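*Asks:* Build the 3D model from these lines:
(one chain, ligands or ions: 1)
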Amino acid sequence: MPNVAGHLYEQVADSIAEMIEGRVLRPGDRVPSVRKLMAQRGISRSTAMQAFQILEGRGMVEARPQSGYYVKPQAAHFLPEPEQAHHHPHHDEYEHVELEGTAASVAAVLESFRYHPENVPFGVATPATELLPNRALNHCLAHAARTAPESANQYDFPPGYAELRRQLAQRAPDAGYQVAMEEIVTTCGCMEGLNLALRATCRPGDSVAIESPTYHGLLQALESLGLRAVELPTHPKTGVSLEALEATLRKTKISACLFTPTFNNPLGSCMPEESRRVLVQDILAPRSIPLIEDEIYADLYHGSERPKACKAFDREGLVLLCSSFSKNLAPGYRVGWIVPGRFQQPVQLLKFMNTLATTTHVQAAVAEFLQSGAFDQHLRRLRRALREQVQRVSNAVAEFFPAGTRVTRPAGGFVLWVELPDPASDTRELHRAALRQGISIAPGHIFSARGRHGNFLRLSCGHPWNARMEEAVETLGRLAGR
Ligand SMILES: Cc1ncc(COP(=O)(O)O)c(C=O)c1O
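*Replies:* As a prediction, the model looks like this:
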């Protein structure tokens, strides 16, 4: 705690000690100079010197001749382990802003998705970095910075990087629709596109129809925008129930539908083409209800063809298609896009208000990678690897999980949705027990706004199969059977 009552030099020493303990200053780092400290804190030379003497006395810093004070290497033993959250005393003041509802229950689970090399990563849904063309992307990034050092460092206002939009417009016919470059807005990941789409179509308090189960990020987006999630039953093969949707529309005012028709996360379901047509043209168009279509997994089909997007059946501009390169190329780049249809203007304005612009370099790098023609070849390899990994994990679940366990056969993507035979099972407990054994999984309840799917878990198969993973599935099966 800051030494509020003590001498000024003690307070200064304590605040620097806090920076060392919190790893803001690490062993070997230079501590701010006497002169800097004097200016920064409005203190005299002698106060600054006294503070350093205290820190030296505590063994936290050492003076180097002609150079100043440095954090001592031995100071490492004061430090908490990096993965242990450092408790900052001032955080106490903010306890009242703790998250509530879905966001709160999901937050703890999401923390366990953070990549730790020592954990077996069945939790987070990203492909292993070794399956991504990192070197080629780095090359594109460096090239973008080198060839356009000024323009790469300018705001790239909405609708976003022209060459990237050109490449995306060239690829749109693969999904069964055609679009002009001007009708695409680039975003910071798919998540920004989804948020913009929700804000352009709904007002706080409105109801949005979603699939159940659905990606927890969508539930959190709804919650943070003050929107109500109306969950619809969703079939693991054919996707959301259109009968249930029609029944809901008869009794509830729905402002938008937010679906992942192509390989729902976590189900891997894929709506048949005819159902997409019925959804867009027969159910939504007559009622002027927008469909926000999350297409993020669509390039990762396991069959022979990429399914058409619902956007392909959109005659009214009511479909807002959102996607990104996070699942197939570069999760860290945060490059996504939205095709907002008749909501182009509000989406573009909201994008401007939300993040002003998408990072320029990374858009340029992705555009160059697409232009090089390497993307399709990469996708072919990635699809093969992911399909194989899904099969391996699925086989192991069949072998090691309790009799009566059911597992999806996804049509694309790389996650499996596993149902434990006992409806009373609680995979929250399994999640905790697995983590203690160094295995990360996603418990079912985070995929529902109502805490449903408690006896389900999602296994992400983004990483190449190996003996360690097999052992982990065996351990999970044993824990699940207890
Ligand atoms: C269905 C779905 N939509 C959106 C996202 C997030 O996309 P991005 O990382 O591009 O914001 C995810 C990530 O898991 C997802 O599964």
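
*Asks:* Now do the helices in the stretch 301-450 of the chain.
*Replies:* Under the criterion DSSP state H, counting those that start in this stretch, the stretch 301-450 of the chain contains helices at 344-355, 360-371, 374-400, 427-436.

*Asks:* who wins for proximity to Leu110 among those?
*Replies:* helix 427-436 (11.5 Å; CB to CB). Bear in mind the C-beta positions are built from the backbone N, C-alpha and C, glycine included.

*Asks:* what's that closest one packed up against?
*Replies:* strand 442-443, strand 456-460, helix 467-480 (3 or more CB pairs under 8 Å, 6 or more residues apart in numbering; DSSP states H and E).

*Asks:* Among the ones you listed, which comes closest to the ligand?
*Replies:* Of all the helices and strands packed on helix 427-436, it is strand 456-460 that lies closest to the ligand, at 9.2 Å by CB to the nearest ligand atom.

*Asks:* and that closest one with helix 427-436, angle?
*Replies:* Counting by axes from the mean of the first three to the mean of the last three CA atoms, to 10 degrees, strand 456-460 lies at 40 degrees to helix 427-436.

*Asks:* Show residues contacting strand 456-460.
*Replies:* Defining contact as CB atoms under 8 Å, 6 or more residues apart in numbering, one finds that strand 456-460 is touched by 121-126, 213, 265-266, 393, 397, 414-420, 427, 430-431, 441-444, 447.

*Asks:* Can I have the buried ones of those as a PyMOL selection?
*Replies:* Of the contacts of strand 456-460, the buried ones can be selected in PyMOL as follows, counting by 16 or more other CB atoms under 10 Å:
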select buried, resi 121+122+123+125+126+213+265+266+393+397+414+415+416+417+418+419+420+427+430+431+441+442+443+444+447
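
*Asks:* among the contacts of strand 456-460, which are in reach of the ligand?
*Replies:* Ala125, Asn265 (CB under 6 Å from any ligand atom).

*Asks:* tell me the contacts of the residue of the stretch 151-300 of the chain found nearest the ligand?
*Replies:* Nearest residue of the stretch 151-300 of the chain to the ligand (CB to the nearest ligand atom) works out as Gly189 at 2.8 Å. By CB under 8 Å, 6+ apart, the contact set of Gly189 is Ser324, Ser326, Arg334, Val335, Gly336.

*Asks:* would you turn the helices of the stretch 301-450 of the chain into TSV with distance to Arg30?
*Replies:* What follows is those, written out as TSV (distance: least, CB to CB, whole Å):
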stretch	distance to Arg30
helix 344-355	34
helix 360-371	30
helix 374-400	43
helix 427-436	38
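
*Asks:* What does the pLDDT read for the residue nearest to Thr214 when sequence neighbours are not counted?
*Replies:* Distances taken as CB to CB, 6 or more residues apart in numbering put Phe447 closest to Thr214, at 6.0 Å, once the chain neighbours are dropped. On the pLDDT scale, Phe447 is placed at 97.

*Asks:* Repeat that for Glu83.
*Replies:* 44.

*Asks:* Tell me the first helix or strand C-terminal of the helix or strand of the chain with the lowest mean pLDDT.
*Replies:* Lowest on mean pLDDT, DSSP states H and E among the helices and strands of the chain sits helix 101-111, with a mean of 74. Where DSSP states H and E defines the elements, the next helix or strand beyond helix 101-111 is strand 120-121.

*Asks:* Which other helices and strands does whichever helix or strand comes after that following strand contact?
*Replies:* As assigned by DSSP H and E, the chain's next helix or strand after strand 120-121 is helix 134-147. Applying 3+ CB pairs under 8 Å, 6+ apart, one finds that helix 134-147 contacts helix 360-371.

*Asks:* How about residues contacting the helix it packs on?
*Replies:* Residues contacting helix 360-371 (CB under 8 Å, 6+ apart): 133, 136-137, 140-141, 143-145, 148, 151-156, 160-161, 163-164, 166-167, 171, 186, 325, 329-330, 333-335, 375.

*Asks:* ditto for stretch 35-55
*Replies:* In this structure, residues lying in contact with stretch 35-55 by CB under 8 Å, 6+ apart are 7-10, 12-13, 16-17, 31-32, 34, 61, 63, 69.

*Asks:* Now go through those and say which are in strands.
*Replies:* Among those, DSSP state E puts Val61, Ala63, Tyr69 in strands.

*Asks:* Flag every residue of the chain that's near the ligand.
*Replies:* When proximity is defined by CB under 6 Å from any ligand atom, the chain lies next to the ligand at 125, 189-191, 215, 217, 260, 265, 294, 296, 324, 326, 331, 336.
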